[in-house]
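Peer 1: let me see the structure of the following:
(one chain, ligands or ions: 2)
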Amino acid sequence: MTSTFMRMAPGVQDLGNDPLPVKPYLCPEFFAGERENIFGKVWLNVARGCEIPNPGDFIVRPVEIRNASVIVVRGEDGVIRAFHNVCSHRSAKVEWRACGNAKLFSCPYHAWSYDTQGKLRGVPSEGNFPGLDKSIYGLTPIHCDTWNDLVFINFDEAPDQTLREYLGALVDYGDAYPMSDFDAWISVDVGVVNCNWKIFLDAFQEIYHLNSLHRQTLTDTFKWADNPQGEPAYFSTFGPHRTISMGYNPAQRSGPMATLAQRFASDITSTGGSALANARSSLDNRQTGINPGRIDNWAIDVTTIFPNVVWLVGSNSAVFHKIWPIDREHTRYENFSFYRKPTTASERFSREVSFGLFRDTIVEDILNTEFSQQALLAGAKKNFLLQTTEVSVRHHHHHVGRYVRGEVTHG
Ligand code: FES
Ligand SMILES: [Fe+2]
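Peer 2: Ligands and ions are numbered 1, 2, ... in the order given. Modelled structure (predicted):
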């Protein structure tokens, strides 16, 4: 693998240059393998702890590929737990709100109720259930653990790795990242995109398309004199997880709205503003593993937490693309953008400008993917071709394939 600009971290596996077969995007058996061997086995990031800061705070998230609705709740004891959102009586959906605060979850069907630790507390006409042992009929727990305020679940009855084992070297990479500084957020559940989840994820794995698809929105943000093609600066892997590090253009000229916003506070797509400089130096001082290639003009790491979360690791924001398979041809996309809480009106203005620019780039990404899905269904192509800096796409498919084929074993 060679590239005119991008450097590879030591030890990155050479995955060759062969065309990438499209069969895994189309094959029902392959999708069934993804459902069982990936989404049924590995740790999945479903939330941030800051979304449920107080005892009783909860969120409900669908995980369609597992046919699951999941309650993630902070108990009265402060511990975050996850449960199947399913009543022990006759399997009705217990909590219908997307988020809120509760002391008890009450099933709408016959009003059985559960506390925030999942224990069954109330059964109307309890005497008519002879011998009912309430202690064994709580909500069904799902394995749940937290790293750096990221909440993960695992659907396996007995996961063969702890969360930290699963994250592996990603823990050293991100342990000191000041995630908790970014506890204000904008979230968008974009809804269903009509394509296979991997087509959608691929769009967030490479930046080859920035010069073309995003020419109106990102213009010259990520290319500069030494890097005229705007290639990523550095590629590193952590088992199935990976990051591509991108530099910024010191001579970038922003549009009028972004320029105005940068006079007060920087935004996530800009390279200017004193806030960004301050944030970068405080990040450097923390000795994090972020920016593993120690790029001088580092802008952002695009870090994929296998299998379905792309974390844009910035010095003044943490943005998460969450890509949830529904079936072979449909995907649900959520975006969570976490920032520092604005303390002034001008910072708030800057954040809104930033999010507006960011949203436009996402819309550009989405439009492409549905047509690609149709083209695959039409049988137009048998392979994708990948250039050197699309190695992140290749790395993802390599690891998806290993899981689906049952080649990943632990313990
Ligand atoms: S199904 Fe929930 S109380 Fe009957
Ligand atoms: Fe894009």
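Peer 1: C-terminal to the helix or strand of the chain at the bottom of the mean pLDDT ranking, what's the next element?
Peer 2: Ranking every helix and strand in the chain by mean pLDDT, DSSP states H and E puts helix 274-285 at the bottom, with a mean of 68. Using DSSP states H and E, the helix or strand that follows helix 274-285 towards the C-terminus is strand 298-305.
Peer 1: partner strands of that following strand and their direction?
Peer 2: Here strand 298-305 is paired, per DSSP bridges, with strand 241-247 (antiparallel), strand 309-313 (antiparallel).
Peer 1: ranking the ones you listed by burial, who's on top?
Peer 2: Among the strands paired with strand 298-305, the stretch with the highest mean neighbour count (mean count of other CB atoms under 10 Å) is strand 241-247, at a mean of 25. Quick note: C-beta positions are derived from backbone N, CA and C, even for glycine.
Peer 1: pull that one out as PDB, backbone CA atoms only.
Peer 2: Included here for strand 241-247 are C-alpha records, laid out as PDB according to Å, rounded to 0.1, in the frame of the first residue of the first chain:
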ATOM      1  CA  HIS A 241     -11.300  -0.300  15.300                       C
ATOM      2  CA  ARG A 242      -9.400   2.400  13.400                       C
ATOM      3  CA  THR A 243      -8.700   6.100  13.000                       C
ATOM      4  CA  ILE A 244      -7.800   8.400  10.200                       C
ATOM      5  CA  SER A 245      -6.200  11.600  11.200                       C
ATOM      6  CA  MET A 246      -6.700  14.700   9.200                       C
ATOM      7  CA  GLY A 247      -4.800  17.900   9.000                       C
END
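Peer 1: all strands of the stretch 151-300 of the chain, in order?
Peer 2: 184-193, 234-238, 241-247, 298-305 (DSSP state E, counting those that start in this stretch).
Peer 1: for the strands paired with strand 298-305, give me a markdown table that also has mean pLDDT and distance to ligand 1.
Peer 2: Converted to a markdown table, the strands paired with strand 298-305 look like this (pLDDT from 0 to 100; distance: least, CB to the nearest ligand atom, whole Å):
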| stretch | mean pLDDT | distance to ligand 1 |
| --- | --- | --- |
| strand 241-247 | 95 | 39 |
| strand 309-313 | 96 | 32 |
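Peer 1: for Val404, which of those is the nearest?
Peer 2: Each of those was checked against Val404 via CB to CB, and the shortest separation belongs to strand 241-247, namely 17.3 Å.
Peer 1: measure how that closest one sits relative to strand 234-238, angle-wise.
Peer 2: Taking axes from the mean of the first three to the mean of the last three CA atoms, to 10 degrees, one finds that strand 241-247 is oriented at 160 degrees with respect to strand 234-238.
Peer 1: tell me if I'm right that Gly49 and Gly78 touch.
Peer 2: No - in terms of CB atoms under 8 Å, Gly49 does not count as a neighbour of Gly78; the distance is 10.2 Å.
Peer 1: if we can go back for a sec, now the strands paired with strand 298-305 in JSON lines, with distance to Glu407?
Peer 2: Written out in JSON lines, the entries for these read as follows (distance: least, CB to CB, whole Å):
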{"stretch": "strand 241-247", "distance to Glu407": "17"}
{"stretch": "strand 309-313", "distance to Glu407": "22"}
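Peer 1: outline the domain layout of the chain.
Peer 2: The record's domain parsing of the chain by automatic domain parsing lists 7-40+169-404, 44-158.
Peer 1: ok, and the closest non-adjacent residue to the most centrally placed residue in the chain?
Peer 2: When CA atoms, centre = their mean is applied to the chain, the residue found nearest the centroid is Val309 (2.4 Å). Here the nearest residue to Val309 in space, its sequence neighbours aside, is Asn45; by CB to CB, 6 or more residues apart in numbering that works out to 4.7 Å.
Peer 1: what is the burial count for that neighbour?
Peer 2: Here the neighbour count serves as a burial measure; for Asn45 (other CB atoms under 10 Å) it reads 19.
Peer 1: list the helices and strands the helix or strand it falls within packs on?
Peer 2: Take DSSP H and E as the rule and Asn45 turns out to sit in strand 44-48. Strand 44-48 sits against strand 57-63, strand 68-74, strand 150-154, with contacts defined as 3 or more CB pairs under 8 Å, 6 or more residues apart in numbering; DSSP states H and E.
Peer 1: restrict the first one to CA atoms and write it as CSV.
Peer 2: In this case it means strand 57-63. Extracted in CSV, the C-alpha atoms of strand 57-63 (Å, rounded to 0.1, in the frame of the first residue of the first chain):
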residue,chain,number,x,y,z
ASP,A,57,-33.0,9.3,33.8
PHE,A,58,-33.5,6.9,31.0
ILE,A,59,-33.4,6.6,27.2
VAL,A,60,-35.1,4.0,25.0
ARG,A,61,-33.3,2.9,21.9
PRO,A,62,-34.3,0.5,19.1
VAL,A,63,-31.7,-2.0,17.9
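Peer 1: quick one, that strand and strand 44-48 angle?
Peer 2: Computed by the same axes, to 10 degrees, the angle between strand 57-63 and strand 44-48 is 150 degrees.
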